[in-house]
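Peer 1: What shape does this take:
(3 chains)
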Amino acid sequence: MHDHGLDDSRPAAPSTWPLDAWYVAATPGEIADKPFARQICGIHVVFFRTEGRGISALEDFCPHRGAPLSLGSVRGETLVCGYHGLAVDCRGRVDNMPSQRVKNFPSVRAFPVIERYGFVWIWPGNPAGASPEAMHPLPWAESDEWAYGGGLYHIKCDYRLMIDNLMDLTHETYVHSGSIGQKEIDETPVKTRVEGQEVVTSRMMDKVAAPPFWRMALRGAGLPEDAIVDRWQICCFSLPSHVMIEVGVALEGEGGYHADNAKKASSIVVDFITPETETTHWYFWGMARQFAVADAALTATIREGQGKIFAEDLNMLEQQQRNLLLYPDRRLLKLNIDAGGARSRLMIDRAIAQDRRTQ
Amino acid sequence: MHDHGLDDSRPAAPSTWPLDAWYVAATPGEIADKPFARQICGIHVVFFRTEGRGISALEDFCPHRGAPLSLGSVRGETLVCGYHGLAVDCRGRVDNMPSQRVKNFPSVRAFPVIERYGFVWIWPGNPAGASPEAMHPLPWAESDEWAYGGGLYHIKCDYRLMIDNLMDLTHETYVHSGSIGQKEIDETPVKTRVEGQEVVTSRMMDKVAAPPFWRMALRGAGLPEDAIVDRWQICCFSLPSHVMIEVGVALEGEGGYHADNAKKASSIVVDFITPETETTHWYFWGMARQFAVADAALTATIREGQGKIFAEDLNMLEQQQRNLLLYPDRRLLKLNIDAGGARSRLMIDRAIAQDRRTQ
Amino acid sequence: MHDHGLDDSRPAAPSTWPLDAWYVAATPGEIADKPFARQICGIHVVFFRTEGRGISALEDFCPHRGAPLSLGSVRGETLVCGYHGLAVDCRGRVDNMPSQRVKNFPSVRAFPVIERYGFVWIWPGNPAGASPEAMHPLPWAESDEWAYGGGLYHIKCDYRLMIDNLMDLTHETYVHSGSIGQKEIDETPVKTRVEGQEVVTSRMMDKVAAPPFWRMALRGAGLPEDAIVDRWQICCFSLPSHVMIEVGVALEGEGGYHADNAKKASSIVVDFITPETETTHWYFWGMARQFAVADAALTATIREGQGKIFAEDLNMLEQQQRNLLLYPDRRLLKLNIDAGGARSRLMIDRAIAQDRRTQ
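Peer 2: As a prediction, this is how the structure comes out:
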């Protein structure tokens, strides 16, 4: 008496994010001995770790009675549903169920997963395209010459508002006036260009005083915190929603961005932005730096400072989202400073159109 | 200047529960000197108790300005609205209102109510059919040879998911592994049959060790808690949504279910499941037992243990409901173990179809 | 690269409130050095105060990226968006933005505002009609012969339910039985009449004992609190949603409402009811009195007592609203006592119809 007619129709590709791409899903520590649930790109996913296969990802829905598989437990190489014991393997195939015939059961949808660069990555689209080569290279994540610290925020806004935010740092003067903002940001125009698969927006500020966060960094790098500096911000967007921002200050006249490591404090602001729903996302933020890499206390200090700064963005972005939902038909203005975000969204739209052709 | 055009159109019979049936609405202690509000089968009901008529039930809506009558107070044989003083009698007829002519006012909808077996019962359908004879007989509730203890949970899921849960105890191994679950449940097939107006699913496990809850029961019954036992579970569904489960353990080889009272610890798990909305219900749970009936401390211990066990179900059921709402079009699998729930739902569907013919 | 196509289409006039009218928006103290957000008549408004212009009100939406302007700050005579620094002036015109050309930007919608009578007033409709002459005159607010104390409640119900409540004080016997209610209210019929632009409902109760609130007032006025009194209630509704209630008690036979000030304790219950959404409103309540006007302690005592009384209404009104939403098609009864509310609603409906012709 089993009639298995599991409806495995996938949700139509939404209009707001590409599916054929590697997204950061979690940090490895989040997926320990218990199954772990997270919604990614609209899909409810259960992650679990086995000795033989490392981390796997399945749709979080037991085909038997619809319980979330994430309430179950790992047994050997299978994930066992916590309601009636149906066990699926790492590819989503039904493996066994006590006293029941389950050979012909439909499989649970499985997603390609890779653990790399200190993150767990998922490919929510067509598995055929999920090659490791399609991953964004992160040389700093595999080098001893870099130190990294970061965190995760759940933010109630469209992930693209975060991309806009990061591709236009003009907001630092207003949102982060106590840490990284300074009036020269407002006064210095940006340049935006598309380089291959990247959108790059850069702003160079010469001969300025360092704001509080950068005074702290100068101190950490063993440089005088009250020195006049040349400051730079180079924001790089790449698909599906990564923004790497090269930021730094160099002692005045030492070459700025190109100055010797000994004359500057520079780092990469790391932003992986993973859609959860149309109006919420997971924000994996951090900073990779090349100075004082062995100084764990500095890593903690930077992480704490960055956490406070991004909490300021969180509040502004959630209020902006709320306002946009109140006025859904309002068209917004696009200024020069918005070029980075506008170009990035164009690249996203093209990727979504490409998705639709392949799915 | 009164235009009374109260629209007393009843809500169309919903597709998910029968209306022509007695449901448990409350325990008598919940309805004391103040009016008491509870939503049952989608209807907002106010219960109140008077000296002359005991408990009455009306729609919780004052025909004057729409205030909930449950915010009012009892005066003699009437319920007085707490906003402007309109008073209705136990049958819902408008009785009086200071300085206003109310003789021709439409009545408030009234529902048949019976206090019996330690519960308050309501008939939400056509009052014509509401005979006390249609009540489910509960001999244990009127006999000194039984002890009873129980409780009430509000659960955010379709009441039929609870019926599925109780008609397939396979889940005990997974959801209740620390109390009543044991691997033999998984390994022993069930038998399901329809007997008159009941669906019966039974599982007999011979020569097993008693799990923790049953060790406690054996101790309470004055039997050795580490004895090898024959264990049984006989789940009986009857309309509209009652599940009585005969459960117990007998010393090995003494006849199991049919063993002498002195050789077994047996009881009835009592489950009255009353829909609140399409996705929530009131769960009146308890246990009636025939051993150590005078031992009030044992009653309390069992009640506490059972409360913990059913809280485990609550969590699983609410998560299952949430998942089913996320995937409304998914068809689920039906296995042998699901026969009890499937047959019960069939009986419910027929009762709903019958309802529609009479209303 | 700026394409400004700001969609300034205004929301269609809703069916539940007039727009061409002065509403109380706030008390002056709520609008200090930071911008202040409040939704009024469905519109999200930001209020801000500058040295040159006093209080201004704009739509709380930055035309650049949609952030709420209320997250920004006041700079000189402008409101500066807290996200990227777009500055608008008190009329909503875009004033400046660092390094961006903003001359041709569309304006933010601005609303006429007046600070008067101890309140901040807003005109949410067509600004052409927003003359100060259209304001409701409040002589007590500008006279040393009166004392005033009041407060603000946010209430989750249609603002018209509050008007009904205040235009039929029969509810005092039931909702406020411990303070201002007394059985004679129920027993004394009301008279309702339309006088020019006002609806007036009055009830005169001669030779009654004063209930607790009025005993306190008699004491405050230096009169014997246990005296037999003549009590009156004269409720006056005027557009858009103001209810001024003349209330008081005079020593028996001294002329009642017309008695000498020395023989009575009389006051005006002040109610400004400002819609927020279709099912919520802002309730500015207070009491203006002509006795013991220099007694600040008495003002505080009255304010506290009134606050408790109106909290009782709040609970009843929110429950009534909830019930009406559950039964949207139910028609309610209208009795003699409801005439004041019914006439007031009629006046509102005509004002809405008039609005539609002018907008």
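
Peer 1: use CA for all of it now, contacts and neighbours both
Peer 2: OK.

Peer 1: ok and the residue in the stretch 101-250 of chain A nearest chain C?
Peer 2: Using CA to the nearest CA, residue A:171 is the residue of the stretch 101-250 of chain A that sits closest to chain C, at 4.8 Å.

Peer 1: Tell me which stretches of the stretch 151-300 of chain A form strands.
Peer 2: Taking DSSP state E, counting those that start in this stretch as the criterion, the stretch 151-300 of chain A contains strands spanning A:191-195, A:198-209, A:228-238, A:242-251, A:264-277, A:280-289.

Peer 1: and residue A:31, what does it touch?
Peer 2: Residues in contact with residue A:31 (CA atoms under 8 Å, 6 or more residues apart in numbering or on different chains) are A:47-49, A:55.

Peer 1: Can you tell me which of the residues you listed end up in strands?
Peer 2: Counting by DSSP state E, the part of those found in strands is A:47-49, A:55.

Peer 1: The closest residue to chain B within the stretch 251-359 of chain A: how many residues sit nearby?
Peer 2: For the stretch 251-359 of chain A, the residue closest to chain B is residue A:277, as judged by CA to the nearest CA, at 12.6 Å. By the measure other CA atoms under 10 Å in any protein chain shown, the count of residues near residue A:277 is 20.

Peer 1: Ok, the one 3 residues further on next?
Peer 2: The burial metric for residue A:280, expressed as a neighbour count using other CA under 10 Å, is 21.

Peer 1: just checking, it touches residue A:161?
Peer 2: No: here residue A:280 lies out of contact with residue A:161, judged by CA atoms under 8 Å, at a distance of 10.1 Å.

Peer 1: Using the three-state scheme, assign the residue of the stretch 1-150 of chain A found nearest chain C.
Peer 2: As assessed by CA to the nearest CA, chain C sits closest to residue A:16 within the stretch 1-150 of chain A, at 18.0 Å. Taken by DSSP: H, G, I helix; E, B strand; the rest coil, the conformation at residue A:16 corresponds to coil.

Peer 1: Could you pull up the contacting residues of the spatially closest residue to it that is not a sequence neighbour?
Peer 2: Nearest in space to residue A:16, with sequence neighbours left out and distances taken as CA to CA, 6 or more residues apart in numbering or on different chains, is residue A:278 at 7.1 Å. Under the criterion of CA under 8 Å, 6+ apart, the contact list for residue A:278 reads A:16, A:42, A:157-159.

Peer 1: who in chain A is up against chain C?
Peer 2: A:170-171, A:173-175, A:186-189, A:316-317, A:319-321, A:323-324, A:329-336 (CA under 8 Å from any CA of the partner chain).

Peer 1: same thing but 6 Å
Peer 2: With CA under 6 Å from any CA of the partner chain as the criterion, chain A meets chain C at residues A:171, A:174, A:186, A:320, A:330-336.

Peer 1: Throw these into JSON lines and include distance to residue B:65, neighbour count and pLDDT, thanks.
Peer 2: Rendered in JSON lines, the data for those read as follows (distance: CA to CA, whole Å; neighbours: other CA atoms under 10 Å in any protein chain shown; pLDDT from 0 to 100):
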{"residue": "A:171", "distance to residue B:65": "52", "neighbour count": "20", "pLDDT": "93"}
{"residue": "A:174", "distance to residue B:65": "51", "neighbour count": "22", "pLDDT": "93"}
{"residue": "A:186", "distance to residue B:65": "59", "neighbour count": "22", "pLDDT": "87"}
{"residue": "A:320", "distance to residue B:65": "40", "neighbour count": "25", "pLDDT": "97"}
{"residue": "A:330", "distance to residue B:65": "40", "neighbour count": "18", "pLDDT": "88"}
{"residue": "A:331", "distance to residue B:65": "44", "neighbour count": "18", "pLDDT": "85"}
{"residue": "A:332", "distance to residue B:65": "45", "neighbour count": "18", "pLDDT": "87"}
{"residue": "A:333", "distance to residue B:65": "49", "neighbour count": "19", "pLDDT": "85"}
{"residue": "A:334", "distance to residue B:65": "52", "neighbour count": "18", "pLDDT": "82"}
{"residue": "A:335", "distance to residue B:65": "55", "neighbour count": "17", "pLDDT": "87"}
{"residue": "A:336", "distance to residue B:65": "58", "neighbour count": "17", "pLDDT": "85"}
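
Peer 1: Please flag which of those residues sit within helices.
Peer 2: Taking DSSP state H, the ones among the residues of chain A next to chain C that sit in helices are A:174, A:186, A:320.

Peer 1: Give the helix, strand or coil label for the residue nearest to the last one when sequence neighbours are not counted.
Peer 2: It stands for residue A:320. If you skip the residues right next to it in sequence, residue A:320 has residue C:67 as its closest partner in space, 4.3 Å away by CA to CA, 6+ apart. Local secondary structure at residue C:67 is given as coil here, using three-state DSSP.

Peer 1: pLDDT of stretch A:200-214, averaged?
Peer 2: Mean pLDDT, stretch A:200-214: 95.

Peer 1: Show me which positions of it end up buried.
Peer 2: Using 16 or more other CA atoms under 10 Å in any protein chain shown as the burial criterion, the residues of stretch A:200-214 that qualify are A:200-214.

Peer 1: May I see the strands of the stretch 151-300 of chain A organised as JSON lines, with distance to residue A:310 added?
Peer 2: Listed next are those as JSON lines, based on distance: least, CA to CA, whole Å:
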{"stretch": "strand A:191-195", "distance to residue A:310": "23"}
{"stretch": "strand A:198-209", "distance to residue A:310": "20"}
{"stretch": "strand A:228-238", "distance to residue A:310": "16"}
{"stretch": "strand A:242-251", "distance to residue A:310": "14"}
{"stretch": "strand A:264-277", "distance to residue A:310": "11"}
{"stretch": "strand A:280-289", "distance to residue A:310": "8"}
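
Peer 1: Chain A: helices as residue ranges?
Peer 2: Using DSSP H, helices in chain A cover A:159-167, A:172-175, A:183-187, A:212-220, A:296-326, A:339-358.

Peer 1: so can I have CSV of these showing distance to residue A:131?
Peer 2: Listed next are those as CSV, based on distance: least, CA to CA, whole Å:
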stretch, distance to residue A:131
helix A:159-167, 24
helix A:172-175, 37
helix A:183-187, 40
helix A:212-220, 38
helix A:296-326, 32
helix A:339-358, 15
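
Peer 1: Can you list the low-confidence ranges for the stretch 201-350 of chain A?
Peer 2: Low-confidence segments of the stretch 201-350 of chain A, defined by pLDDT under 70: none present.

Peer 1: Same check on the stretch 51-200 of chain A?
Peer 2: Counting by pLDDT under 70, the stretch 51-200 of chain A contains no low-confidence range.

Peer 1: picking up where we left off before, how about a markdown table for the contacts of residue A:31, with neighbour count and distance to residue A:35 added?
Peer 2: Shown next, in a markdown table, are the contacts of residue A:31 (neighbours: other CA atoms under 10 Å in any protein chain shown; distance: CA to CA, whole Å):
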| residue | neighbour count | distance to residue A:35 |
| --- | --- | --- |
| A:47 | 28 | 6 |
| A:48 | 26 | 5 |
| A:49 | 23 | 7 |
| A:55 | 21 | 10 |
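
Peer 1: quick one on the thing from earlier: counting neighbours, what do you get for the residue nearest to residue A:320?
Peer 2: Using other CA under 10 Å, the number of residues around residue C:67 comes to 25.
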